[in-house]
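Asker: from the sequence below, what's the structure:
(chains A and B)
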Amino acid sequence: MEDSMNNPPETESTTTNGVQIRQSRRLPDFLQSVNLKYVKLGYHYLITHLLTLCFVPLIAFVIFQASQFNPNDIHQLWLHLQYNLVSVIICSVFLVSGATVYIVTRPRSVYLVDYACYKPPAKLQVQYQQFMEHSKLTGDFDDSSLEFQRRILERSGLGEETYVPQAMHYIPPRPTMAAAREEAEQVMFGALDILFANTNIKPKDIGVLVVNCSLFNPTPSLSAMIVNKYKLRGNVRTFNLGGMGCSAGVIAVDLAKDMLQIHRNTYAVVVSTENITQNWYFGNKKSMLIPNCLFRVGGSAVLLSNKAKDRRRAKYKLVHVVRTHKGADDKAFKCVYQEQDDAGKTGVSLSKDLMAIAGGALKTNITTLGPLVLPISEQLLFFSTLVAKKLFNAKLKPYIPDFKLAFDHFCIHAGGRAVIDELERNLQLLPIHVEASRMTLHRFGNTSSSSIWYELAYTEAKGRVRRGNRVWQIAFGSGFKCNSSVWEALRHVKPSTSNPWEDCIDRYPVQIVM
Amino acid sequence: MADITYICKRTVVSTKPVQPGKHFSLSVLDRLMEQNHLRFVYYFRAPGAIREPGEMTKKLRESISEMLTCFPIVTGRLLRNPEGQWMIKCNDAGVRMVEARIKGSVENWLKGVDREKELKLVHWEEMYHKPYFWSTFYVQITEFEEGGVAIGLSCLHLLADPTCASMFVKAWADMTLTGKMLNNPPLSHQLPPRRPGRKNPSHDQPSMELINCYKSIADKTNLVSTDDAKHATIALAFSDPMVRACMANGQAMAASDQSSPSPFEALAALFWVCISKLKGAGDDLIDMSVCSDMRNVLNLDNGFFGNCMVYNRVNSKNLKGQKLSDVAKVIGEVMSEMDNDGIIDLIEWLEHNDHQSPPTMNGCDLICASLEAVDPYLAVFEEDLIPVRVSCYVEPVVGVGHVLVLPSPPGEGPFSRVVMVTLPEDEAVRLCEDDLILNFSPTILMGVNN
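Answerer: Residues are numbered from 1 along each chain as shown, chains lettered A, B, ... in the order given. Below is the predicted model:
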């Protein structure tokens, strides 16, 4: 019975041997034949261009009226204006001063001229076998801890080319402060050298320097190390952010953006990195072993500018930065916690609620970000669903706005496979949207605050960034914080020279085997 | 003599990752050598400018990484296959490298070195309880502060014999010197099967000499006493004319149609007679086995990476009077028994009678091994970094002792040899004073320090 209903309508036919084929004259099922996706797209285009569509009749009307003017009417208009000179002048004054105030108080555009990501030398790569062997040879891990690390490593989504600092390649490892400084120097100076070479700026032109590194904060600070190495000028404004976790990269960009509002016509450099050398955990508490398996060496340097002339050569323009802090909640606060275990070994412990809290932080962040970036069509839908639920108590699922309509590229901090999976599900993203994050996790591991820049470099290396595309960078970090920044591409972006994906982009994307 | 300072230990991997999933199985000849390990020490004098400390080490570390790409068997790890035998999983886990520094110069060191000191230049770790995390190859680079470098290589005998261990070092030297390997990377690892049609129709029974030798070694292993006598190693250099004299001695007086014994046979005969005397065997000769590289006999390329040294017992029953010529002749006959058919029969027999726990091959008899196929002096790392001395040890030494005949540094004549003898300490001392040996005025390169 069912079959006959789904078949297209057949005409009646009588064959010679008398068999009659039943005909079905039902109309085809519209819900099945019409794709809901295209209806939604059509609605989206309609609302986006609603203003234009409304203007068209108005323009038509004005043109019609204007065409009916004769010179006499214009003369009349002119006389009216002359008689009301005072009010005309007052109006103009208001208009002009209002416009001036508006123009002057508008925030300065912040342009991202270029950025560079550090790629460590091949001899620092660590493969699964080596990781397990060296972990075993330290003698600090018992068998269950080793097995636990092996399982985490296999399901982590990391490849066999991620980098671990030199200190960890020794048997036994040598996590000295000197080694940590050396790692920081290699990463930061490596990234900055590439950045300066690509952008041709003189270090003396830098007015603002923001460095963020969560777990390593020597005295003098890392920002002082950079001032010393590159001989920055005496009145450079330096900031060193410590302890702010993996989302500190976005926080640093936010700080640089604010500084660029106050200081005119200058450059800001933002260096994001992390330090692995002294932060390896040599104990047996399971919740603290996970960072060993995920965190790897990496760093980025970003050049921001508020000079109007840089608009032409800049890659992106900063549109929004939204910062959300869930630290007021105790559970969120303790979610990523650095402490000593019972044996006195220091490590960062991750609680089991991490994913749930991350989900909550994300929701708060997108609630704030949504109205700023979502097209009107989505906002109307969201609003109407909300109204329907509250007022009419309709049993509707909460409407999750489609961020794919607001953004073209997503750079989700490569915190781990679980984080990316969770966000892919929550935001209803397609595999191609999270490809940059997954591949960065595979190639470089979790490089903490700089991973969003590696992901952007991947997207550029694949040639996907076109003019006008919007990029959304989301980072989660201890605290618990969820910070996002939105960039708009000012041109078709070509990958910079010496970008970290240069020699291997053709191998990607790879299938991540479980 | 200054003490050695160990700087660090790390793992060195190849620059290009190996294809995952590759395995190498080990041949029967390999599996027999499981209990032994090799140690090589190469000494390099560095005339000219004193280098920065650590510079040479860094360069060598980078070149070995490049070179390891061609030796996946070296960087792999041991696993048992479903039949319970060892095999290598090529997972690119790497070799361990130890870096060290010593005060003084190479020349000073070489003047006063003995076995104990020399073994400090080669790092070795016994197999762990979990062999999957245990490296089978160890490299130690020791820089002498006043000039010179010593490179120590140790490896499990299961994977390599002295010939291919020295080939490994040569490949490393080529990579350091020229940036590429001059010889082809090592070939696959299988011993050749019997060539069809070669089987002699009159050869119904396999030739039993080699098989008997291995059988008796396996039986005797249980009787090896594990006395903790301290062993000493001495190295004696025999110059070209002296070896010729020894060979002339070894040739029977009235038999001019006989070919003279090879340098190895002559020297083996000499040492066999002397050591038997030392051990108090009177006129008789103690049991001895000779061992030699069989790559040529089996028509294998020199690049064959694996064990290809075969042992054979020398029958001493009919020898009386210890005339060197007779002894050398007997050794010569035994060496010729190690021909293609004989070895292939042996391999087939071994494959059928695979022991679960292999015997200690160097356990019971006096072993005289010919390492002439090993040419360690080809390993030139830089224009002026040429090996001046090479020592070879086959560990562990239990039982009677062994004699290794190595080639000499180039330029000393084609017949000159260096003989390394490992014996219990007191016997080693007496060997240096033995008249028969002193007849050939060897230079004592490494003696026994009291």
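
Asker: what's the pLDDT at residue A:330?
Answerer: Looking at residue A:330, its pLDDT stands at 94.

Asker: contact partners for it?
Answerer: Applying Cβ atoms under 8 Å, 6 or more residues apart in numbering or on different chains, we find residue A:330 in contact with no residue. For the C-beta atoms, the positions are set from N, CA and C on the backbone; glycine is no exception.

Asker: would you mind measuring from it to chain B?
Answerer: Distance, residue A:330 to chain B, by Cβ to the nearest Cβ, to the nearest Å: 42 Å.

Asker: look up how far residue A:245 lies from that residue.
Answerer: 17 Å (Cβ to Cβ, to the nearest Å).

Asker: how about residue A:498?
Answerer: Distance, residue A:498 to residue A:245, by Cβ to Cβ: 28 Å.

Asker: between the two, which has more neighbouring residues?
Answerer: Neighbour totals were compared for residue A:498 and residue A:245, and residue A:245 leads with 25 against 17 (other Cβ atoms under 10 Å in any protein chain shown).

Asker: wait, isn't that one in contact with residue A:477?
Answerer: Yes: counting by Cβ atoms under 8 Å, residue A:245 does reach residue A:477; the two are 2.9 Å apart.

Asker: shared neighbours, those two?
Answerer: Common contacts of residue A:245 and residue A:477 (Cβ under 8 Å, 6+ apart): A:214, A:336, A:449.

Asker: low pLDDT regions in the stretch 251-400 of chain B?
Answerer: Low-confidence segments of the stretch 251-400 of chain B, defined by pLDDT under 70: B:252-259, B:282, B:318-322, B:354-364.

Asker: enumerate every residue touching the residue in it that chain A sits nearest to.
Answerer: For the stretch 251-400 of chain B, the residue positioned closest to chain A under Cβ to the nearest Cβ is residue B:381, at a distance of 19.6 Å. The neighbours of residue B:381, taking Cβ under 8 Å, 6+ apart as the test, are B:44, B:60, B:172, B:173, B:176, B:177.

Asker: who touches the last one in this structure?
Answerer: Taking Cβ under 8 Å, 6+ apart, we find residue B:177 in contact with B:380, B:381, B:382, B:383.

Asker: ok, now how distant is it from residue B:383?
Answerer: 8 Å.

Asker: same check on the fifth one?
Answerer: For residue B:176, the distance to residue B:383 (Cβ to Cβ) stands at 11 Å.

Asker: these two - which one has more neighbours?
Answerer: The neighbour count for residue B:176 versus residue B:383, taken as other Cβ under 10 Å, is higher for residue B:176 (21 against 8).

Asker: so the more buried one is in contact with residue B:382, correct?
Answerer: Yes: counting by Cβ under 8 Å, residue B:176 touches residue B:382, with 6.7 Å between them.

Asker: list the contacts of residue A:115.
Answerer: Shown in contact with residue A:115 (Cβ under 8 Å, 6+ apart): A:195, A:300, A:301, A:302, A:303, A:315, A:453, A:456, A:457, A:496.

Asker: identify the residue nearest residue 81 in space, chain neighbours excluded?
Answerer: Reading this off chain A. Distances taken as Cβ to Cβ, 6 or more residues apart in numbering or on different chains place residue A:88 nearest to residue A:81, at 5.8 Å, with adjacent residues excluded.

Asker: let's do chain B instead
Answerer: Using Cβ to Cβ, 6+ apart and skipping the chain neighbours, the partner closest in space to residue B:81 is residue B:87 (4.5 Å).

Asker: what does residue B:60 give?
Answerer: Nearest non-adjacent residue to residue B:60, counting by Cβ to Cβ, 6+ apart: residue B:141, 5.7 Å away.

Asker: am I right that that neighbour is in a strand?
Answerer: Yes: under DSSP: H, G, I helix; E, B strand; the rest coil, residue B:141 falls within a strand.

Asker: next, count neighbours for it.
Answerer: 23.

Asker: how about residues contacting the host helix or strand of residue A:182?
Answerer: Residue A:182 belongs to helix A:177-199 when assigned by DSSP states H and E. With Cβ under 8 Å, 6+ apart as the test, helix A:177-199 has contacts from A:113-120, A:165-167, A:203, A:211, A:213, A:216, A:218, A:222, A:225-226, A:229-230, A:269, A:271, A:273, A:275-278, A:297-303, A:496-498.

Asker: in that helix, what's buried?
Answerer: Neighbour counts over helix A:177-199 (16 or more other Cβ atoms under 10 Å in any protein chain shown) mark A:179-181, A:183-184, A:186-196, A:198-199 as buried.

Asker: got the angle for the next helix or strand along the chain from that helix vs helix A:177-199?
Answerer: Downstream of helix A:177-199, the next assigned helix or strand under DSSP H and E is strand A:206-213. Strand A:206-213 runs at 140 degrees relative to helix A:177-199, counting by axes from the mean of the first three to the mean of the last three Cα atoms, to 10 degrees.

Asker: buried ones only from the contacts of helix A:177-199, please, as a PyMOL command.
Answerer: For the buried members of the contacts of helix A:177-199, the matching PyMOL selection, counting by 16+ other Cβ under 10 Å, is:
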select buried, chain A and resi 113+114+115+116+117+118+119+120+165+166+167+203+211+213+216+218+222+225+226+230+269+271+273+275+276+277+278+297+298+299+300+301+302+303+496+498
